[in-house]
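Student: Just to be clear, the model below is a prediction. Sequence and coordinates:
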Amino acid sequence: MKRATKILLLLAVFYSVAFSQSTTDKIKTFINEKDYESAVKLIPDAEKDNIDDAKNLVFFGDIYFEMDRFNDALKYYELANKADKRQPFILRKIGRTYAELGKIEQSLETLNDAIKRNDKDPLSHLELANAYIKFDSLRRAELIITRAREMDKKNPDAYIALGNLYFAQKVYELARSNYEEALALNENLLDARIKLATSYYWLANREMDEDLSNEYFKRSLQEWNKVTIADPKNFRAFYEQGKILFLAKKFPEAASSFNTYIQLRPTGTLGRWFLAQSLEKIGRCDSAAQHLDIVAKEIDSVKTKAKFLLARCYFDNANYPKAIEGYTTIRKDTILDNVDIQKLGQAYLLNKDTLNAINTWEEAINQSPDQTCRIMQSLGVMLQRYVKPGDTIPDYLRSVSVLEKRAKTEKCGNDQKHIVYYYIGNGYLLGKKVVESIQPLLTSIESDSTFLFSRLALGDAYAAMDSAVKAEATFQRVIDIGMTDTTKNKFALNQSFSKIANMHLEKKKFTDLVKLATQWTTVFPNEPRAYLYLAIAYHSNSQGKQACAAYRKVLQLDPKNPNASKNLKLLQDSNQCE
């Protein structure tokens, strides 16, 4: 029985080791594929059976370090050091990790201990120098680098450290030079090439000359491309490449780089944020939406901005229902800025929800008149045409209220003054406040004497006040001004001719009507109304032959005109056309 128990225990140990080895192999496979996300999940399972294997423990620490999980990396480096205290390179990794964590004393103490173990090893000295660089002790770092370089003048790490020193001092040209020296000694140093690409990036940012700046950006991209060729799964390369392209406003290319980055590093939230912004810039809102949703959950500081970005994206790409949905969700717990309220109003309008559009635009106007000049004018005009459910006519005086606010807002300027006052006057006129309409219409005319619509409305106002003489004179003035360009002013001219003609007809001034209608037909020979008034004037003056000719001309231009057909038949039946 005891023997059977021992066998079972041996088998348990055997399978446990086998499982552990299998897990470690799986981790190595993932790392060979640069799949750090999957590898790091398996480390806890492999840890207990590698507790004395310094090599594998360092390997696990390196994975965590690559993932920027420095506390976890430190744990495994320290376990490795406990398993094998003879290796200075483990101490260097511990010191480097302490430096990343900002633990100055522990970092320097550990790295000095590494030097004590082997004072002739330049790598330990250079690691100590890099720590001093990180802690801004640049003068001390420079002395240590100089000493280390004397130990081995062909050691590329010395040039990398010196490049790091100059980079920390923001002397990017010297940093670039030293990284290139390192690569000249060993072109396969990926870390040096990454730092060279970064140096070019900062040289570009600092360069005032646009052409030279663009050249540095180009060289930075070239170096990042070399990194991606040498290491197609180097997520940092795709991130930095994408960032340069994003800042250069090359959003399609940036989106491609960040998309590759996210595939390699799904937990890279900042890269995902850049990806979402790039997709938004090129109008791929639905693609951006899934990333913005993840970013909003993972980065609290950009949560609201992400929602805004998506709503604006849908708006800019004419997906108004989704834009409305997005803005409506945001405003449940966030105050919209004025521009977004305006966009929400426009989204409602273009989604054929005029009532909500009006209410939303009024909200924007009340919040900030200075920012809503265009909206005030558009809304004022809209209110003169929109009939609210349950009403029978537009709310003209509501329109006037909006437009008067627009007129009183100094920041709106005077370039649209004639139009604004025209619609104020027109609103009063249509709202049956005829007397109040006069002054705004006169102000519009004073602002632009060639804007004929104000004169037409003014003539209508005088007519409504039974000031026939003033009305006719106003319409006649439209004709006088309009004749300078009959094509441009066709509508206003036809309206004025028609209004004066109707006034002559009502007062039975048929001779004046013949004269006016004749002028009208001369100006617009294809206008059937002109011939109809001329025909009626002749008919009323018992000039049957001329009347018949005019009625026939009306029917030639407008074959279905009922008045012309009826009156011509009457004249023909009574033999008055001969």
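Tutor: In hand now; what should we look at?
Student: tell me the contacts of the closest residue in space to N351 that isn't next to it in sequence?
Tutor: For N351, ignoring the flanking residues on the chain, the nearest one in space by C-beta to C-beta, 6 or more residues apart in numbering is Y320 at 4.2 Å. Every C-beta, even on glycine, is put in place using the N, C-alpha and C of the backbone. With contacts defined as C-beta atoms under 8 Å, 6 or more residues apart in numbering, Y320 is in contact with Y314, A347, Y348, L350, N351.
Student: mind redoing it with 7 Å?
Tutor: Each residue near Y320 by C-beta atoms under 7 Å, 6 or more residues apart in numbering is listed here: A347, L350, N351.
Student: before we move on, what about Y159?
Tutor: By C-beta under 7 Å, 6+ apart, the contact list for Y159 reads N178, E181, A182.
Student: still on that earlier bit, kindly reformat the contacts of Y320 as a markdown table and extend each row with pLDDT, distance to S447 and secondary structure.
Tutor: Written out in a markdown table, the entries for these read as follows (pLDDT from 0 to 100; distance: C-beta to C-beta, whole Å; DSSP: H, G, I helix; E, B strand; the rest coil):
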| residue | pLDDT | distance to S447 | secondary structure |
| --- | --- | --- | --- |
| A347 | 96 | 33 | helix |
| L350 | 95 | 31 | helix |
| N351 | 95 | 35 | coil |
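Student: So for S124, what's the pLDDT?
Tutor: Among the per-residue scores, S124 holds a pLDDT of 89.
Student: quick thing: my sequence starts at 22, can you match it?
Tutor: Got it, first residue is 22 now, which makes that one S145.
Student: out of the contacts of Y180, which one sits closest to V360?
Tutor: For V360, the nearest member of the contacts of Y180 is N199. The distance, counting by C-beta to C-beta, is 47.9 Å.
Student: how close does the closest one get to F238?
Tutor: For N199, the distance to F238 (C-beta to C-beta, to the nearest Å) stands at 21 Å.
Student: more crowded one of these two?
Tutor: The residue with more neighbours, out of N199 and F238 and counting by other C-beta atoms under 10 Å, is N199; that gives 25 against 20.
Student: In this structure that one contacts L183, no?
Tutor: Yes. N199 is within contact range of L183, at 4.6 Å (criterion: C-beta atoms under 7 Å).
Student: Tell me the buried residues in stretch 314-323?
Tutor: Of the residues in stretch 314-323, I315, V316, A317, V323 count as buried by neighbour count, 16 or more other C-beta atoms under 10 Å.
Student: same question, stretch 393-400
Tutor: Of the residues in stretch 393-400, those buried by neighbour count under the rule 16+ other C-beta under 10 Å are T393, C394, I396, M397, Q398, S399, L400.
Student: Okay, the first one and L370: tell me how far apart.
Tutor: Plainly put, T393 is 14 Å away from L370 if you go by C-beta to C-beta.
Student: just to revisit the earlier point, where does the residue nearest to N372 fall, phi/psi-wise?
Tutor: Backbone geometry at Y341, expressed as degrees, to the nearest 10, gives phi -70, psi -40.
Student: what's the next secondary structure element after the lowest-mean-pLDDT helix or strand in the chain?
Tutor: When the helices and strands of the chain are scored by mean pLDDT, DSSP states H and E, helix 23-53 comes last with a mean of 57. Using DSSP states H and E, the next helix or strand after helix 23-53 towards the C-terminus is helix 57-68.
Student: Return the distance of that next one from the chain's centre.
Tutor: For helix 57-68, the distance from its own C-alpha centre to the chain's C-alpha centre is 40 Å (C-alpha atoms, centre = their mean, to the nearest Å).
Student: so after it, what's the next helix or strand?
Tutor: helix 75-87.
Student: between that following helix and helix 57-68, how many degrees?
Tutor: For helix 75-87 against helix 57-68, the angle between stretch directions is 150 degrees (axes from the mean of the first three to the mean of the last three C-alpha atoms, to 10 degrees).
Student: Output the contacting helices and strands for helix 75-87.
Tutor: For helix 75-87, the contact count by 3 or more C-beta pairs under 7 Å, 6 or more residues apart in numbering; DSSP states H and E identifies helix 57-68, helix 91-104, helix 109-121 as packing neighbours.
Student: buried residues in it?
Tutor: Buried residues in helix 75-87, counting neighbours by 16+ other C-beta under 10 Å, are found at A75, N77, L78, V79, F80, F81, G82, D83, I84, Y85, F86, E87.
Student: Dump stretch 75-91 to CSV, keeping only the CA atoms.
Tutor: Extracted C-alpha coordinates of stretch 75-91, given in CSV (Å, rounded to 0.1, in the frame of the first residue of the first chain):
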residue,chain,number,x,y,z
ALA,A,75,16.7,31.6,-13.0
LYS,A,76,16.7,31.6,-16.8
ASN,A,77,13.0,31.1,-17.1
LEU,A,78,12.2,33.5,-14.2
VAL,A,79,14.2,36.2,-16.0
PHE,A,80,12.3,35.3,-19.2
PHE,A,81,9.0,35.8,-17.3
GLY,A,82,10.2,39.1,-15.9
ASP,A,83,11.2,40.3,-19.4
ILE,A,84,7.6,39.6,-20.6
TYR,A,85,6.1,41.6,-17.9
PHE,A,86,8.7,44.4,-18.5
GLU,A,87,7.7,44.5,-22.2
MET,A,88,4.1,44.8,-21.1
ASP,A,89,5.1,47.8,-18.8
ARG,A,90,3.9,45.8,-15.8
PHE,A,91,7.0,46.7,-13.8
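Student: Grab the nearest non-local neighbour of L300.
Tutor: The spatially closest residue to L300, leaving aside those adjacent along the chain, is A309, at 3.8 Å (C-beta to C-beta, 6+ apart).
Student: after the strand or helix carrying the one you found, next one along is what?
Tutor: Using DSSP H and E, A309 sits in helix 306-319. Elements were assigned by DSSP H and E; along the chain past helix 306-319, the next helix or strand is helix 324-337.
Student: before we move on, back to that, dump the helices and strands packed on helix 75-87 into CSV; add distance to R293 as well.
Tutor: Formatted as CSV, the entries for the helices and strands packed on helix 75-87 read as follows, by distance: least, C-beta to C-beta, whole Å:
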stretch, distance to R293
helix 57-68, 13
helix 91-104, 22
helix 109-121, 23
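Student: Comparing these, which comes out most buried?
Tutor: Neighbour counts (mean count of other C-beta atoms under 10 Å) averaged over each of those peak at helix 109-121, with a mean of 22.
Student: Can you name the next helix or strand after that one?
Tutor: helix 125-138.
Student: now that following helix, how far from the centre of its chain.
Tutor: When C-alpha coordinates are averaged (C-alpha atoms, centre = their mean), helix 125-138 and its chain have centres 50 Å apart.
Student: quick check: mean pLDDT across it?
Tutor: The average pLDDT within helix 125-138 is 92.
Student: Could you do stretch 241-254 as well?
Tutor: Across stretch 241-254, the average pLDDT comes to 89.
Student: Return the set of buried residues in it.
Tutor: For stretch 241-254, a neighbour-count test (16+ other C-beta under 10 Å) marks S241, L242, E244, W245, K247, V248, T249, K254 as buried.
Student: CSV for those residues, including secondary structure and distance to T508?
Tutor: Output for these, formatted as CSV (DSSP: H, G, I helix; E, B strand; the rest coil; distance: C-beta to C-beta, whole Å):
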residue, secondary structure, distance to T508
S241, helix, 58
L242, helix, 56
E244, helix, 63
W245, helix, 60
K247, helix, 65
V248, helix, 65
T249, helix, 62
K254, coil, 68
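Student: average pLDDT across stretch 526-540?
Tutor: Across stretch 526-540, the average pLDDT comes to 96.
Student: Over to stretch 592-599?
Tutor: Predicted confidence along stretch 592-599 averages 89 (mean pLDDT).
Student: Give me the phi and psi angles of Q405.
Tutor: Here is the backbone geometry of Q405 (degrees, to the nearest 10): phi -80, psi -10.
Student: Same question for N255.
Tutor: On the backbone of N255 - angles per degrees, to the nearest 10 - the values are phi -80, psi 100.
Student: That one: what's it in contact with?
Tutor: For N255, the set of contacting residues under the criterion of C-beta under 7 Å, 6+ apart consists of V248, T249.
Student: In terms of pLDDT, where does N280 sit?
Tutor: Checking the pLDDT column for N280, the value is 95.
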